[in-house]
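Participant: Sequence isn't available, so here's the structure alone:
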Ligand SMILES: [Mg+2]
């Protein structure tokens, strides 16, 4: 597959759905040239929305984390996160009781903003299990993997409550050489043990694409053919974008390396419209 320069794509499309980790930033900070890409989109009078499978921070905290990277123009409303989708679900469907979670205290904002009482599974006592009306997988940090995953297992064994996975990602790169298991891996482990399927939010499912599409259409009538989805992961960003009917670009700055891209595209049959070294420009 031939590579396309991202400059060309900036001219060709009017709206850019950008994945966050692996496209805009990574473990080392800002990906080179992404400050210029975002500025160029703004200068051209075009639009971008960051579509991220992240339930560890709310929109304000996401924007703050971008400001720390020097991306001062990024606003809270520029983000669509899988945590927001989980929050909407809780708001609409869970009307009472405690919502317990695996994740950091920051992540629990998605529960409290939905109007529910959030109690970390690590602070939940077995005698209160009957008060729990839902359980949410938010993040891979903020709990003891040994103790609290077993607690979750025991809670769900006897209580048939809705279980929501707010970040379905299995892994994330921790450094150039190492990966870590993400919340999606923990939830799959428990699904396997319990023999049930949880409710999942995040790419490749369509909710976030729909939400982003609604945002840009509130601002200006936009056809799907005007939008480019840019991501570093075939199974989430590219598959989700393709299914939603958007053009897709795989950026080789994250989960998919240049050496394995051709093989992974062929073996998964998830085919991006474009392949770019990076979404950052010079
Ligand atoms: Mg990514």
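Facilitator: Ah, there it is. Every value quoted in this text rests on a predicted model; they were computed, and no experiment measured them.

Participant: so which residue of this protein comes closest to the ion?
Facilitator: At 3.4 Å from the ion, residue 22 is the closest residue in the chain, using Cβ to the ion. For glycine as for every other residue, the C-beta is placed from the backbone atoms N, C-alpha and C.

Participant: Tell me the residues of the stretch 1-150 of the chain that contact the ion?
Facilitator: The stretch 1-150 of the chain comes close to the ion at residues 19, 21-22, as judged by Cβ under 5 Å from the ion.

Participant: any chance of the residues you listed in a markdown table, plus secondary structure and neighbour count?
Facilitator: Output for those, formatted as a markdown table (DSSP: H, G, I helix; E, B strand; the rest coil; neighbours: other Cβ atoms under 10 Å):
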| residue | secondary structure | neighbour count |
| --- | --- | --- |
| 19 | coil | 26 |
| 21 | strand | 20 |
| 22 | coil | 22 |
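
Participant: Any chance of a markdown table for these, columns distance to residue 184 and pLDDT?
Facilitator: As requested, those are exported to a markdown table (distance: Cβ to Cβ, whole Å; pLDDT from 0 to 100):
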| residue | distance to residue 184 | pLDDT |
| --- | --- | --- |
| 19 | 15 | 98 |
| 21 | 14 | 94 |
| 22 | 15 | 94 |
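
Participant: Specify which member of those is nearest to residue 213.
Facilitator: Of all those, residue 213 sits closest to residue 19, with 15.7 Å by Cβ to Cβ.

Participant: Skip the chain neighbours and tell me the closest residue to that closest one.
Facilitator: Spatially, and ignoring its direct neighbours in sequence, residue 19 is nearest to residue 231 (3.9 Å; Cβ to Cβ, 6 or more residues apart in numbering).

Participant: got a pLDDT number for the residue minimising distance to the centre of the chain?
Facilitator: For the chain, the residue sitting closest to the mean C-alpha position, by Cα atoms, centre = their mean, is residue 53 at 0.7 Å. As predicted, residue 53 sits at a pLDDT of 94.

Participant: Does the ion have contacts with the worst-scoring helix or strand of the chain on mean pLDDT?
Facilitator: Least confident helix or strand, the chain: strand 171-173 with a mean of 83, by mean pLDDT, DSSP states H and E. No. Using Cβ under 5 Å from the ion, strand 171-173 never reaches the ion; the gap is at least 8.0 Å.

Participant: Within the sheet, what are the partner strands of the next helix or strand after that strand, with directions?
Facilitator: Next helix or strand after strand 171-173 toward the C-terminus (DSSP states H and E): strand 179-181. Strand 179-181 has the following sheet partners, assigned by DSSP bridges: strand 171-173 (antiparallel).

Participant: Just the buried residues of the partner strand, please?
Facilitator: Using 16 or more other Cβ atoms under 10 Å as the burial criterion, the residues of strand 171-173 that qualify are 172-173.
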